[in-house]
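In: What would the 3D arrangement of this be:
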Amino acid sequence: MNSAEILTIGSELLQGSTLNSNAQFLGKQLTDLGFCVRYQTSCRDHVNDIIDGLDTAMTRSNLTIITGGLGPTPDDVTREAVAQCFNTDLVFHAGQYRNIKNYFKKTKHRTLPMTRREAFFPRAAKPIINHAGIAIGFYIETNRKMAVVLPGVPREMTHMFENEVRPLLTRRFKKALERWNAVTVSLTGLNEPQVMQRLGRRFFDKREFEFGIYPKLGWISIKLRSKDAKMIKTLKREMAQRLGKAIYAYSDEPIESEVSQLLRRSQKTVSAAESCTGGLIAKRLTDQPGASRYFKGGVLAYADSVKTGLLAVPTQTLHQHGAVSRQVAVLMARHVRKLLRTDYSVAVTGIAGPAGGSLSKPVGTVWVAVDSKNGVIAKEFLIGGDRDRIRQVSAVRALRLLHDELI
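Out: I've put the predicted structure just below:
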């Protein structure tokens, strides 16, 4: 199997001030292409550190992808380090510089002289034009190995990989890439031990396949790979039998993606009334492309006065049952649907903590309700963790309840 390595450049990555999303993106993309990603490393914006990292990567891997350090400032030294590593000089790419000037012209900014640096690349390399930003990318092949260098700005790197690098790798490594059969399952409502218990030992006995379970906030993704297509079909069927209704998709997508597809397909609309989640449900829904077709709006009813005012929850109901109760969640869902005239509505109220809990309603108590022409359903959850986890998982639970009403 062809091995790959990801080398991300930037002192900010090592200091923890910037999340290394590039490594995550590239790891998934390269794995999907059939590479075995053996190492992910990061180093400072120092020429010698970059040279050491690249030398090591080129020794042990067929493909090395480098991101970062191609900007215009003095600490952006990746192009110089790569040129030095391959014993070559830098050359100017007039076409990329025209793109740079056009980019600044469109944004109504003056092209600063320092940005000219971003149109240089090593003479021994072949350029990868950056149509999504400024800095030019490039790749070098030597001794049947390849190094690809891309900007560190995630938007630019992603665009260049998808449009330029993936086709390049497919052509270059076509005959050598392994063909894998794979299935991904996404689910909610179970934790890792519960998933493993349901699958059981027999699921893994005397069968060779790659298995990965990846817990996220409120949901779990399971990925299986095998060279045997029949085995993947069998494993998928067995997972469906053993994990049952916990599964909501056979893809690596969050629950809001599935909800979005269901709403668009059915041409239905939805609204939200949120208390403890502070707008997270609305955010997740509107993060999806085409959200304006199905999401009309929401009410962020954090204060009880908003619940009694905009959402018409009687003060007596709040006093009798408390803001975190089935009764209040149901009324929130019912009235936001009526207020915004949607086909469905989802409401959530809970205690995110760290204070506010009691013996009868501890921190993490959450009520979710979904209303439609078929009536209203409500469900109570007790969610563990800190404030952020409770809020995030509450949003996932609410969207899952909406999902199950849509199918």
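In: got the residue ranges for the helices in the stretch 51-200 of the chain?
Out: Remark: helices assigned in the stretch 51-200 of the chain by DSSP state H, counting those that start in this stretch are 78-85, 94-106, 154-160, 166-172, 192-199.
In: The stretch 301-407 of the chain too?
Out: Under the criterion DSSP H, counting those that start in this stretch, helices of the stretch 301-407 of the chain are mapped to 304-309, 315-321, 326-340, 387-406.
In: ok so, going back, can you redo the helices of the stretch 51-200 of the chain as JSON lines with mean pLDDT, mean neighbour count and distance to residue 334?
Out: C-betas here are computed from N, CA, C, even on glycine. Shown next, in JSON lines, are the helices of the stretch 51-200 of the chain (pLDDT from 0 to 100; neighbours: other Cβ atoms under 10 Å; distance: least, Cβ to Cβ, whole Å):
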{"stretch": "helix 78-85", "mean pLDDT": "97", "mean neighbour count": "22", "distance to residue 334": "57"}
{"stretch": "helix 94-106", "mean pLDDT": "89", "mean neighbour count": "15", "distance to residue 334": "48"}
{"stretch": "helix 154-160", "mean pLDDT": "96", "mean neighbour count": "19", "distance to residue 334": "41"}
{"stretch": "helix 166-172", "mean pLDDT": "94", "mean neighbour count": "14", "distance to residue 334": "48"}
{"stretch": "helix 192-199", "mean pLDDT": "97", "mean neighbour count": "14", "distance to residue 334": "33"}
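In: The residue of the chain most remote from its centre and residue 286, how far apart?
Out: Here the chain reaches farthest from its C-alpha mean at residue 316, the gap being 42.8 Å by Cα atoms, centre = their mean. Residue 316 is 34 Å from residue 286, where distance means Cβ to Cβ, to the nearest Å.
In: Same question for residue 317.
Out: From residue 317 across to residue 286, the span is 30 Å (Cβ to Cβ).
In: burial count for residue 47?
Out: Neighbour count of residue 47, defined by other Cβ atoms under 10 Å: 17.
In: what's the answer for residue 39, then?
Out: 15.
In: same check, this time on the one 3 residues further on
Out: By other Cβ under 10 Å, the residues close to residue 42 number 20.
In: can you pull the contacts of it?
Out: Residue 42 makes contact with 7, 8, 9, 10, 13, 14, 20, 23, according to Cβ atoms under 8 Å, 6 or more residues apart in numbering.
In: in the strand or helix carrying it, what's buried?
Out: Secondary structure from DSSP states H and E places residue 42 in strand 36-43. If you call a residue buried by 16 or more other Cβ atoms under 10 Å, then strand 36-43 has these buried ones: 37, 40, 41, 42, 43.
In: neighbouring strands for it, and are they parallel or not?
Out: strand 3-9 (parallel) (DSSP bridges).
In: Restricting to C-alpha, output the partner strand in CSV.
Out: Extracted C-alpha coordinates of strand 3-9, given in CSV (Å, rounded to 0.1, in the frame of the first residue of the first chain):
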residue,chain,number,x,y,z
SER,A,3,2.1,5.4,2.4
ALA,A,4,1.4,9.0,2.9
GLU,A,5,2.5,11.6,5.5
ILE,A,6,1.1,15.0,6.4
LEU,A,7,3.5,17.7,7.5
THR,A,8,1.8,20.9,8.8
ILE,A,9,4.0,24.0,9.3
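In: chain center to that strand: distance?
Out: When C-alpha coordinates are averaged (Cα atoms, centre = their mean, to the nearest Å), strand 3-9 and its chain have centres 20 Å apart.
In: What's the local residue count around the closest residue to residue 377 other than its chain neighbours?
Out: Distances taken as Cβ to Cβ, 6 or more residues apart in numbering place residue 370 nearest to residue 377, at 5.5 Å, with adjacent residues excluded. Number of residues near residue 370 (other Cβ under 10 Å) recorded here: 27.
In: so residue 370 makes contact with residue 405?
Out: Yes. The pair residue 370 / residue 405 is scored as a contact, 5.1 Å apart, by Cβ atoms under 8 Å.
In: Now do the shared contacts for those two.
Out: 344, 377.
In: Confidence-wise, which helix or strand of the protein is lowest on average?
Out: Lowest on mean pLDDT, DSSP states H and E among the helices and strands of the chain sits helix 94-106, with a mean of 89.
In: Can you list the helices and strands that that helix packs against?
Out: Contact partners of helix 94-106 among helices and strands, from 3 or more Cβ pairs under 8 Å, 6 or more residues apart in numbering; DSSP states H and E: none.
In: Residues touching that helix, excluding its own?
Out: In this structure, residues lying in contact with helix 94-106 by Cβ under 8 Å, 6+ apart are 110-111, 115-116, 118-119, 127, 129-131, 133-134, 136.
In: again, only this time at 6 Å
Out: Applying Cβ atoms under 6 Å, 6 or more residues apart in numbering, the contact partners of helix 94-106 are 111, 115, 119, 134, 136.
In: Same question for stretch 353-367.
Out: 324, 326, 329, 349-351, 380-384, 387, 390, 394.
In: Would you agree residue 83 is in contact with residue 120?
Out: No. The pair residue 83 / residue 120 is not scored as a contact, 8.9 Å apart, by Cβ atoms under 6 Å.
In: Give the residues shared as contacts by the two.
Out: The contact sets of residue 83 and residue 120 overlap at residue 90 (Cβ under 6 Å, 6+ apart).
In: Is residue 121 in contact with residue 136, as I believe?
Out: Yes. Contact criterion Cβ under 6 Å: residue 121 and residue 136 qualify, at 5.3 Å.
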